[in-house]
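Participant: got a predicted structure plus its sequence, pasted below:
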Amino acid sequence: MATIATKPETFVGKRIRRREDPRLITGTATYVDDIKLPGMYYAAILRSPHGAAKIRSINIKPALAAKGVVAVFTGKDTEHAGMVPCGAALPGLRVPPHHLLAMDRVYFVGHPVAAVVAADRYLAADAAELIEVDYDVKQAVADPEKALASGAPAVHPQWPDNTAFTFHQEGGDVDKAFAEADVVVKQRITSQRLVPNAMETRGVVADWRAAERALTVFTSTQAPHTVRSLLAQILGLEENRLRVVAPEVGGGFGSKIDTYAEEILMAFVAMKIHKPVKWIESRRENFLCTIHGRGHVDFYEIAAKRDGEITGIKLKIIQDLGAYLQLLTPAIPTLSVLMMPGLYRTKNVRADVVGAFTNCMATDAYRGAGRPEATHGIERMVDMLAAELQMDPVEIRLKNFVHNDEFPFPTATGLVYDSGDYAAPLRKAMEVVDYTKLRAEQADARRAGKLMGIGICTYGELCAVGPSPATPVGGWESAQVKIEPSGKVTVMTGISPHGQGEETTFAQIAADELGVDIDEILVSHGDTSLVQYGIGTYGSRGTAVGGTALYFALQDLKPKIKKWGAMLLDAEEVTFEGGKCTDHKTGKSVTIQEIAAASYRAMRLPANTDPGLTATHFWEPPNFTFPFGAHLVVTEVDRATGNIAIKRYIAVDDCGNILNPMLVEGQVHGGVAQGLGQALWEQAVYDDNGQLITGEFTDYTMPRAHMMPFIETSHTITPTTVNPLGVKGVGEAGTIGASPAVVNSVVDALSPLGVRHLDMPLTPEKIWKIVSKAAGRTA
Amino acid sequence: MTQTIHLTINGTAQAHEVEPRLLLIHYLREVVGLTGPHIGCETSLCGACTVEVNGKAIKSCAMFAVQADGASVMTIEGLASNGKLHAVQEAFWNQHGLQCGFCTPGMIMTVKQILARNPNPSDEEIRHGLEGNLCRCTGYQNIVGAVKAAAKAGA
């Protein structure tokens, strides 16, 4: 019989190396493209090369006649196969019908037009090239401000104003605040379109067993249960005969929350050809047809008193939606509105959002989803206000932070900030760099003609998404704990991690709660036939919501374990600690292994107790959590090249309690890389015809190892009151803190040249032109 | 039209008839069944498909299988020996040098070459050596840490 190691040692809070790594470092993990089913076919998708066009005709005959081809589908075939879903609801929202394949029009470059199914991927690609599509090309509009201007081409002919929705939110008395202000600062600020670029592109394998009416879909997703529920609805299948599996998933960053056309289409194809079918997205397709992030043009106004007290904020957001609404597309800018006050006390806010259709890929949740835009905006505005009032950026922030004794703090936008000590990470960051000395060094550098900048961002974010009423598909999370007859512990979680490491952190939680060794625990996820149900991994919710569900499932199990222990020990009362129940009167104890065996063998049952040792808990969070932190960045601009050198990057994050510091640091590093990417390099650029001209790694500048600075991480710890683990979430923090800190630093560096604002990305070309102009050189 | 190729992969002799247009990465993954090397871009820009051909790290999406005729190829699957992880694998694990793991097999093969060429690289040399491999999760910091740890362990 296997023995169960029980350990007095605890695991939570330690740098435990990851339990998911052995399969990943040996190349034996199974991603979607690694799945090969008997008799499987391959699909290739023909996509529109035009941003806007009418389809006059499609000739699929040459493709059908090509070698190895079994089927070709066009919009006519899939017309009644259901629509790609938008899960977000806003009053008056215009949702364009989103067919799986284009009907009589294409709306963006990459719009799927036909699907070719063949014996292998080369033959499918060959045949797709043989399809003849006759397009009547129309004028596209790819810029959201141009789309809203009068006379712009209509993306959807039925809505000539290109407006999908407007959204208004207001708190306090904004007009009074602005009328009584000593100073008002205004600025147009953009958060450019970005391409999430998970290293694994999307991919689907669908397998239909007609006799059983059973469909299995392997898909690279962050939310397998959502995909299952939506697929069942869309395809009219019984949900309990539909299995969706997220196998190993190679990154998502929000882009794999959506249920996409290709997931539905491959299910449809498998059901038509009665054979398994695989589609793997190319990188080019990933650029064109997986959701993009950001896409904001923001108009800010901030009102303040002479002493720096912020009294009101006005914000107008133009959200570039793209042509279609994906799962959460219209909801993303409303998150920006919720977080528009940042960490500051002001109660007077007004926001107006216009959602603009463009002939581009849809925008949706990308790491941070609405909060990076809001943080970038408020943190830039606070710096501009400080410059206007000739205050230090630190001083103005300290003056306006929510005070420690004001938590839980109701914000002007209707949120309740759970807990915080907003000055603490800022002070820590200042300590790390010796801020006073650093400013003196900067003064010296400036005298020497150097362009040195110091930039600060104090960010807040809304995480642990979230209470169900605030989400489109529910915001709870579930966990099941099964103690097997041998005493081994299986955890099944409804989150769907894809790099975050919850197979490790959840094992740490379970090991500590049960008092057993971490090796006794196995954490499973991502397969709807194994896992009870779940909402998935996004919105920095995995540990804060999913981990809490696990915590409560473990608490549910403990009384049962004690009942069995007491029966086996013939005791009235026992304690459960260190993996065993002990009768303190006699000193006798019984291990969890013996208890598990007895509970399944069930020769005797304790009173009012059923056999087996399992517990399932669905946990509904009472609130979001609100992590915060301070990033401080020192930069130097090269006058000759416009190149920006990051001299120091300090990230002090407060994500509440930390279960595994190594994993938290990893999340911050990766988040900062994506925020830096936005600040300095990345941009999805569409030309006026709707062509994505940064649509490959050659043109879209991803952060590479030699471009990244060393990130100095540290933490303050303010536990949340929302969950018993005290954890707030850290997946998006780095991304949210980085872009304003970097841009504030570069604006500070260039402030002697009269620069007060710069829009991202801060490419060397952009910076060189500014520096050259200031020097009187012709750029 | 096919062509027969003979090569050694992870120490085992292999022979297959392949189309001349078949990429080495597709040959390894689809024909030989080694799915450790991944396809991240098919344009030689991301490095997820990096394998060793005759001792040199190459991007296997930028080479045809027929070009590897007669060669000795090592993929990530061939790196551990007798169940013992290679020092670079161990270092990636210990230093949290991976998150989603998709770029990892290519990264590890690249790092093996970095250290073969320079057993004690500086941070700058490490970052320069990693330039051809994209990672979207880690910000590279713990990968750099893993390379240093592997160097220390004498990889």
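Facilitator: Looks like it came in fine.

Participant: stretch A:736-748 and chain B in contact?
Facilitator: No. Applying CB under 8 Å from any CB of the partner chain, one finds stretch A:736-748 separated from chain B by no less than 9.9 Å. (Each C-beta comes from the backbone N, C-alpha and C, glycine too.)

Participant: how about that stretch as CSV, C-alpha atoms only?
Facilitator: These are the backbone C-alpha positions of stretch A:736-748, laid out as CSV (Å, rounded to 0.1, in the frame of the first residue of the first chain):
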residue,chain,number,x,y,z
ILE,A,736,-0.9,48.3,-15.9
GLY,A,737,1.9,49.9,-14.0
ALA,A,738,4.5,49.9,-16.8
SER,A,739,3.2,52.1,-19.6
PRO,A,740,2.5,55.3,-17.6
ALA,A,741,5.7,54.9,-15.6
VAL,A,742,7.8,54.7,-18.8
VAL,A,743,6.0,57.5,-20.6
ASN,A,744,6.1,59.7,-17.6
SER,A,745,9.8,59.1,-17.3
VAL,A,746,10.5,59.9,-21.0
VAL,A,747,8.3,63.0,-20.8
ASP,A,748,10.3,64.1,-17.7
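
Participant: burial measure for residue 27, as a count.
Facilitator: Since no chain was named, I'll use chain A. Counted with other CB atoms under 10 Å in any protein chain shown, the neighbours of A:Gly27 add up to 25.

Participant: wait, I meant chain B there
Facilitator: That count, for B:Tyr27 with other CB under 10 Å as the rule, works out to 25.

Participant: same check, this time on A:Tyr344
Facilitator: 24.

Participant: ok, how many other residues are close to the closest residue to it other than its chain neighbours?
Facilitator: Counting by CB to CB, 6 or more residues apart in numbering or on different chains, A:Asn400 is the residue found nearest to A:Tyr344 once chain neighbours are left out, at 4.2 Å. Close neighbours of A:Asn400, defined as other CB under 10 Å, add up to 22.

Participant: who are the contact partners of the closest residue to chain B within the stretch 451-600 of chain A?
Facilitator: In the stretch 451-600 of chain A, the residue that lies nearest chain B is A:Gly499 (3.3 Å; CB to the nearest CB). A:Gly499 makes contact with A:249-252, B:99-101, B:137, according to CB atoms under 8 Å, 6 or more residues apart in numbering or on different chains.

Participant: and the closest residue to chain B within the stretch 101-250 of chain A, helix, strand or coil?
Facilitator: The nearest approach of the stretch 101-250 of chain A to chain B comes at A:Gly250, 3.0 Å away (CB to the nearest CB). For A:Gly250, the assignment made with DSSP: H, G, I helix; E, B strand; the rest coil gives coil.

Participant: what about A:Gly342, distance to chain B?
Facilitator: Distance, A:Gly342 to chain B, using CB to the nearest CB, to the nearest Å: 24 Å.

Participant: and stretch A:599-618, how far from the chain's centre?
Facilitator: 39 Å (CA atoms, centre = their mean, to the nearest Å).

Participant: in the contacts of A:Gly499, find the pair that's most separated.
Facilitator: A:Gly252 and B:Gly101 (13.0 Å; CB to CB).

Participant: what about those two, which has more around it?
Facilitator: A:Gly252 (32 against 28).

Participant: related to what we said a few turns ago, tell me how far the residue nearest to A:Tyr344 lies from chain B.
Facilitator: 30 Å.

Participant: one more: A:Ile257?
Facilitator: A:Ile257 is 15 Å from chain B, by CB to the nearest CB.

Participant: repeat that for A:Asp307.
Facilitator: Where chain B is concerned, A:Asp307 sits at a distance of 39 Å (CB to the nearest CB).

Participant: which residues touch B:Ile5?
Facilitator: B:Ile5 touches B:15-18, B:65-66, B:68-70, counting by CB under 8 Å, 6+ apart.

Participant: and it, which helix or strand is it part of?
Facilitator: strand B:3-9 (DSSP states H and E).

Participant: give the buried residues for whichever helix or strand comes after that strand.
Facilitator: Sequence order places strand B:12-18 as the next helix or strand after strand B:3-9, per DSSP H and E. Of the residues in strand B:12-18, B:Val18 count as buried by neighbour count, 16 or more other CB atoms under 10 Å in any protein chain shown.

Participant: stretch B:68-75 close to chain A?
Facilitator: Yes. Using CB under 8 Å from any CB, stretch B:68-75 reaches chain A at B:Thr75.

Participant: list the buried residues in that stretch.
Facilitator: B:68, B:71, B:73-75.

Participant: now stretch A:293-304
Facilitator: Neighbour counts over stretch A:293-304 (16+ other CB under 10 Å) mark A:293-298, A:300-304 as buried.

Participant: now tabulate these in JSON lines and tack on secondary structure.
Facilitator: Converted to JSON lines, the buried residues of stretch A:293-304 look like this (three-state DSSP):
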{"residue": "A:Gly293", "secondary structure": "strand"}
{"residue": "A:Arg294", "secondary structure": "coil"}
{"residue": "A:Gly295", "secondary structure": "coil"}
{"residue": "A:His296", "secondary structure": "strand"}
{"residue": "A:Val297", "secondary structure": "strand"}
{"residue": "A:Asp298", "secondary structure": "strand"}
{"residue": "A:Tyr300", "secondary structure": "strand"}
{"residue": "A:Glu301", "secondary structure": "strand"}
{"residue": "A:Ile302", "secondary structure": "strand"}
{"residue": "A:Ala303", "secondary structure": "strand"}
{"residue": "A:Ala304", "secondary structure": "strand"}
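
Participant: re the thing from before, where does the residue nearest to A:Tyr344 land on pLDDT?
Facilitator: pLDDT recorded at A:Asn400 is 98.

Participant: kindly report the same for the one 4 residues further on.
Facilitator: At A:Asn404, the predicted lDDT confidence score is 98.

Participant: grab the nearest non-local neighbour of it.
Facilitator: A:Asp421 (5.4 Å).

Participant: same check on A:Ala673?
Facilitator: In space, and not counting its chain neighbours, A:Ala673 is closest to B:Gly139: 3.5 Å by CB to CB, 6+ apart.

Participant: now do the SS call for the one you found.
Facilitator: Applying three-state DSSP to B:Gly139 yields a three-state assignment of coil.

Participant: also the one 10 residues further on?
Facilitator: The three-state assignment at B:Ala149 reads helix, by three-state DSSP.

Participant: tally of neighbours for it?
Facilitator: Neighbour tally, B:Ala149, other CB under 10 Å: 20.

Participant: any idea how far B:Met109 is from it?
Facilitator: From B:Ala149 across to B:Met109, the span is 17 Å (CB to CB, to the nearest Å).

Participant: just B:Asp123 next, same as before
Facilitator: 21 Å.

Participant: looking at the two, which is more packed in?
Facilitator: Each of B:Asp123 and B:Met109 had its neighbours counted (other CB under 10 Å), and the higher figure belongs to B:Met109 (28 against 13).
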